[in-house]
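>>> Give me a model of this one.
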Amino acid sequence: MDPNTVYFRGGRDSKETSISPPPPQRTGSSSSLHKSGPVINHSHRSSFAENLRGLPPSPRNQRHPSFTQSAIQDLLNHPPAPRQHNPRFAGRDWREVAIGELVSKDEVSWVEMDTSVEDATMTLLKNTSSNVVVVREDATGSIPASTFDYNDLNAYILVVVGLAHPSEDLVELYDTLAKRAQARVSIPLRDIQPICRKESLITLQGDEDLAKAIEVFGSGVHRILVTNHNAEVVGVLSQLKLIEFFWNEGINFRVIDELYPRLLRDVGAGSQQTIAVNADSPLTEALNLMSQEGLSSVAVVDNGLNVIGNISTTDVKLLTNATSLPLLQNSCMHFISVILTEQGVEKGKDSFPVFYVNPYSTLAHTVAKLVATHSHRMWIVESASPSPSAPGTPSLGPTVLIPTPSSSQTSLTGSHFPSVPPASTIPGSHLSGRLTGVVTLTDILNLFARSTGLHPSDPSEQRARRRRSSSSSVRPSIESSRASLDIRR
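Predicted coordinates for the structure are as follows:
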């Protein structure tokens, strides 16, 4: 979206006032034909330079870039949703708002360590508010021992179908879990904890203020369990929920609201260090990449490195029954078509979520898209590449495509799903552009924290914690670019 999107902030005010400019005032011409007094001798002609003196500067010097076709189409297809302001936050400093004000105990879903993975998955699918299940030792307690989310479900599915790439010390465990699952033996969550390596379990009391929460989130933590003084969980606060709060209530917080009209390139949000998978790569490549690198989503690109879609760990909910297993050996492009079809069924109409912005998009436009798509990241793109042979964009250097190891691809039993048309025929794909970077919720919350005088720690520590150790065949290609590439987001 072009810089003009600064004016499309999701209906910041509940009522707009249209102010028409005053009618132009006619004044007497400066020409000598309309001046009174003696007739002026016209024998002297003004020079061209004299005629130019005092003219106003050209409006071209102050023009904003025009809307491109893709920007106009994007705005028509995805108009910004109005922001819903809560009057109880009016006139308050956001740093004094208590964490407990943003969460509800009703959003907490519990399972036990001895709950089967199948039952925990069903509970997770039902919890659409926080996309996480809190795990406790037994049904009598309210003290968290762990969590179970879509990242864990993704890792478990890869183990069960034999497509995971464990480190040497976990090979035996992975084989045992796969055999038990294939024999339809119930597997409790307690037994899969070693494969659910994740970030630290962070808890904060509900009466602590948001300043503490935004420092934690700006440091790379994705989720906070909110507790009472007895250490019992009373809510779950995520990065996305806090971003939604600042988007809806930004008008009440001047420091935050003043950031929204600024361009991504000006605020320094985002990174050019990113990674993508080709649309023709098997779905297992994308799932393994997210599991090994601690990613919650990955960009899918065509041969010209134009973004055609997005696959996230949340999408693995489409792989939770045996009939969907053939999807694993189909392409990422095919899976995107399945995602779009499923979203169309749910919403009753065709759906094409937009997961990209450009360096000239405003922060407001970027945050609005994150909130609308419930995403953890937006891909930063430039003008679409017309051909796979188009010359590389200099800023694209850090972007790396994961190769498809055809010889190592594990075969699955079952019939293939129907083939799908080329990536270029997917609705909206021609409106994206060439992948050049990524901006995440962590980047934006880190910006909010620093702009208000807070001091979040370096997010790289949390990114490193989420990253999986693996002997995967794709590991060498990643490590070869590690010096100039940070994909741990």
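>>> so residue 104 touches residue 235, yeah?
Yes. Between residue 104 and residue 235 there is a contact under CB atoms under 8 Å: 5.9 Å. All C-beta spots, glycine's among them, are computed from the backbone N, C-alpha and C.
>>> Between those two, point out the one with more neighbours.
Neighbour count, other CB atoms under 10 Å: between residue 104 and residue 235, residue 235 has more, with 22 against 13.
>>> And what about residue 381, helix, strand or coil?
strand (DSSP: H, G, I helix; E, B strand; the rest coil).
>>> The residue nearest to it when sequence neighbours are not counted: neighbour count?
The spatially closest residue to residue 381, leaving aside those adjacent along the chain, is residue 433, at 3.3 Å (CB to CB, 6 or more residues apart in numbering). Applying other CB under 10 Å, we find 22 residues neighbouring residue 433.
>>> again, but for residue 86
11.
>>> what is the rounded mean pLDDT of the host helix or strand of residue 308?
Using DSSP states H and E, residue 308 sits within strand 307-312. For strand 307-312, mean pLDDT rounds to 92.
>>> just checking, what packs against that strand?
Applying 3 or more CB pairs under 8 Å, 6 or more residues apart in numbering; DSSP states H and E, we find strand 307-312 packed against helix 283-293, strand 297-301, helix 332-347, strand 377-382.
>>> Give the other helices and strands that the very next helix or strand once past the longest one contacts.
From helix 332-347 onward toward the C-terminus, using DSSP H and E, the following helix or strand is strand 356-357. Counting by 3+ CB pairs under 8 Å, 6+ apart, the packing neighbours recorded for strand 356-357 are helix 363-373, strand 377-382.
>>> Quickly run through the sheet partners of strand 356-357, with directions.
Neighbouring strands of strand 356-357 in its sheet, by DSSP bridges, are strand 377-382 (parallel).
>>> Would you mind getting the angle between the strand it pairs with and strand 297-301?
Comparing the axes of strand 377-382 and strand 297-301 via axes from the mean of the first three to the mean of the last three CA atoms, to 10 degrees yields an angle of 30 degrees.
>>> Strand 377-382 versus helix 363-373: what angle between them?
Using the same axes, to 10 degrees, strand 377-382 lies at 130 degrees relative to helix 363-373.
>>> report the angle between the axes of strand 377-382 and strand 307-312?
170 degrees.
>>> Helices of the stretch 151-300 of the chain, start to end?
171-182, 189-192, 210-218, 239-249, 254-257, 264-267, 283-293 (DSSP state H, counting those that start in this stretch).
>>> Give me the buried positions along the second one.
In terms of neighbour count (16 or more other CB atoms under 10 Å), helix 189-192 has its buried residues at 189, 191-192.
>>> do the same with the first one
Under the neighbour-count criterion of 16+ other CB under 10 Å, helix 171-182 has 174, 177-178, 181 buried.
>>> For residue 277, state which of those residues is nearest.
residue 174 (22.9 Å; CB to CB).
>>> Can you give me the distance of the closest one to residue 324?
Computed as CB to CB, to the nearest Å, the residue 174 to residue 324 distance reads 21 Å.
>>> Same check on residue 138?
33 Å.
>>> higher neighbour count, those two?
For residue 138 versus residue 324, the count of surrounding residues by other CB under 10 Å is larger for residue 324: 16 against 9.
>>> For the residue nearest to residue 381, give its distance to residue 372.
For residue 433 relative to residue 372 (CB to CB), the value is 19 Å.
>>> Could you look up the SS state of residue 140?
Following three-state DSSP, the label given to residue 140 is coil.
>>> ok, it - how many residues close by?
7.
>>> Please determine how far it is located from residue 201.
For residue 140, the distance to residue 201 (CB to CB) stands at 20 Å.
>>> Then residue 123?
Applying CB to CB to residue 123 and residue 201 gives a distance of 18 Å.
>>> same question, residue 361
From residue 361 to residue 201 the distance is 35 Å (CB to CB).
>>> between the two, which one's more packed in?
Relative neighbour count places residue 361 above the other of residue 361 and residue 201, with 26 against 15, counting by other CB under 10 Å.
>>> So that one sits against residue 264, correct?
Yes. Between residue 361 and residue 264 there is a contact under CB under 8 Å: 5.6 Å.
>>> just to revisit the earlier point, with pLDDT added, can I get the buried residues of helix 189-192 in a markdown table?
Output for these, formatted as a markdown table (pLDDT from 0 to 100):
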| residue | pLDDT |
| --- | --- |
| 189 | 96 |
| 191 | 96 |
| 192 | 95 |
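>>> re the thing from before, residue 335 is nearest to which of the helices of the stretch 151-300 of the chain?
Of all these, it is helix 283-293 that lies closest to residue 335, at 4.8 Å by CB to CB.
>>> Show me what the mean pLDDT comes to for that closest one.
pLDDT averaged over helix 283-293 gives 91.
>>> who does it touch, helix- and strand-wise?
Other elements packing on helix 283-293 under the criterion 3+ CB pairs under 8 Å, 6+ apart are helix 150-160, strand 275-278, strand 297-301, strand 307-312, helix 332-347.
>>> which residues touch residue 287?
Residue 287 sits next to 154, 157-158, 163, 311, 316, 328 when contact means CB atoms under 8 Å, 6 or more residues apart in numbering.
>>> where does the stretch 151-300 of the chain have low pLDDT?
The stretch 151-300 of the chain contains residues with pLDDT under 70 at 197-198.
>>> Kindly export the strand holding residue 308 (C-alpha atoms) in CSV.
Below are the C-alpha coordinates for strand 307-312, written out as CSV (Å, rounded to 0.1, in the frame of the first residue of the first chain):
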residue,chain,number,x,y,z
VAL,A,307,4.5,-13.7,-2.3
ILE,A,308,1.5,-15.8,-3.3
GLY,A,309,0.4,-16.9,0.2
ASN,A,310,1.2,-17.7,3.8
ILE,A,311,1.2,-21.0,5.8
SER,A,312,1.0,-20.8,9.6
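>>> what's that strand in contact with?
Under the contact criterion CB under 8 Å, 6+ apart, strand 307-312 has outside partners 150, 276-277, 279, 283, 286-287, 290, 296-302, 332-333, 335-336, 339, 353, 355-356, 375-376, 379, 381, 423-424, 426, 429, 432-435.
>>> Of those, keep whichever come out buried.
Buried by 16+ other CB under 10 Å: 150, 276-277, 279, 283, 286-287, 290, 296-302, 332-333, 335-336, 339, 353, 355-356, 375-376, 379, 381, 423, 426, 429, 432-435, out of those.
>>> Okay, strands next: where are they in the chain?
Along the chain, counting by DSSP state E, strands occupy 110-112, 132-136, 146-149, 203-205, 223-227, 233-238, 275-278, 297-301, 307-312, 356-357, 377-382, 400-402, 434-440.
>>> would you list these in JSON lines and tack on distance to residue 100?
Output for those, formatted as JSON lines (distance: least, CB to CB, whole Å):
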{"stretch": "strand 110-112", "distance to residue 100": "19"}
{"stretch": "strand 132-136", "distance to residue 100": "16"}
{"stretch": "strand 146-149", "distance to residue 100": "19"}
{"stretch": "strand 203-205", "distance to residue 100": "8"}
{"stretch": "strand 223-227", "distance to residue 100": "6"}
{"stretch": "strand 233-238", "distance to residue 100": "7"}
{"stretch": "strand 275-278", "distance to residue 100": "37"}
{"stretch": "strand 297-301", "distance to residue 100": "29"}
{"stretch": "strand 307-312", "distance to residue 100": "29"}
{"stretch": "strand 356-357", "distance to residue 100": "33"}
{"stretch": "strand 377-382", "distance to residue 100": "28"}
{"stretch": "strand 400-402", "distance to residue 100": "42"}
{"stretch": "strand 434-440", "distance to residue 100": "26"}
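>>> which stretch among those strands comes nearest residue 447?
Among the strands of the chain, strand 434-440 comes nearest to residue 447, with 9.7 Å by CB to CB.
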